[in-house]
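[1] please work out how this folds:
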Amino acid sequence: MQRAFGIFAVGFAGLIGLILFYHINPFRFSILPPCALHETTGLYCLGCGGTRAFYLLLHGRVLESLRYNILLLPILFGAGYTILFFLLQPTRFRLAKPHLGGRGILVLAIGLVLFTIVRNIPVYPCTLLAPPKPPHSSSYMSLESHIPAPSLRSTIPFKHFGRMFSAKK
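    Numbering: from 1, shown residues only. A predicted model of the protein is given here:
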């Protein structure tokens with residue numbers, strides 16, 4: 001019973017996440033914090049462009065999605081297979097166990113490091129792995145630009161302190 005509830009809870013949370021990612025356009029609103037590596041160094045990490053790629057993939061624009069982060073599809077296939085393996089484990093359907101082993105993990109780690117290095121080389125074929133720059137037009141806005149900063153008097157915990165700090169005496 002607990003396993004069924006856990007599966008339901010994870011599935012429900014995943015469905016809510018998919019609905020949110022489907023409806024919140026990352027090209028218009030920045031819902032996640034920016035990449036710390038890209039903000040500080042200007043270099044792209046493995047996940048740069050992943051949110052926009054996932055949004056495009058949810059909308060059926062697979063080729064555009066690959067332009068933003070080509071690793072997203074293999075990662076989603078691997079994660080989906082692993083989840084399916086664990087969901088089908090108590091049933092009579094069997095899948096091959098997802099197992100990389102020591103050498104597989106080493107090859108995967110080296111491949112991911114090489115991908116990160118190659119996507120940051122500013123030469124033509126390598127620049128195809130870097131995500132395109134987000135549009136800097138009037139249609140691109142972060143959520144923070146729409147939310148006014150709260151004043152001291154408008155915040156709930158400090159509401160009654162407003163009289164104490166007012167200029168009138």
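
[2] C-alpha coordinates for the one helix or strand His38 maps to, CSV please?
    Per DSSP states H and E: His38 is located in helix 36-41. This file holds the C-alpha atoms of helix 36-41, laid out as CSV (Å, rounded to 0.1, in the frame of the first residue of the first chain):
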residue,chain,number,x,y,z
ALA,A,36,25.9,30.3,-11.7
LEU,A,37,28.8,29.1,-13.9
HIS,A,38,27.5,31.0,-16.9
GLU,A,39,26.9,34.2,-14.9
THR,A,40,30.3,34.2,-13.3
THR,A,41,32.5,32.9,-16.1
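
[3] following that helix in sequence, what is the next regular element?
    Note on helix 36-41: by DSSP H and E, the next helix or strand toward the C-terminus is helix 50-58.

[4] for whatever helix or strand comes next after that next one, enumerate the helices and strands it packs against.
    Next in sequence after helix 50-58, counting helices and strands by DSSP H and E, comes helix 62-68. If contacts are counted by 3 or more Cβ pairs under 8 Å, 6 or more residues apart in numbering; DSSP states H and E, helix 62-68 sits against helix 50-58, helix 72-88. For every residue, glycine as well, the C-beta is placed using N, CA and C.

[5] do that again at 7 Å, thanks
    helix 50-58 (3 or more Cβ pairs under 7 Å, 6 or more residues apart in numbering; DSSP states H and E).

[6] got the buried residues for the helix it packs on?
    Neighbour-count burial for helix 50-58 flags Gly50, Thr51, Arg52, Ala53, Phe54, Tyr55, Leu56, Leu57 (criterion: 16 or more other Cβ atoms under 10 Å).
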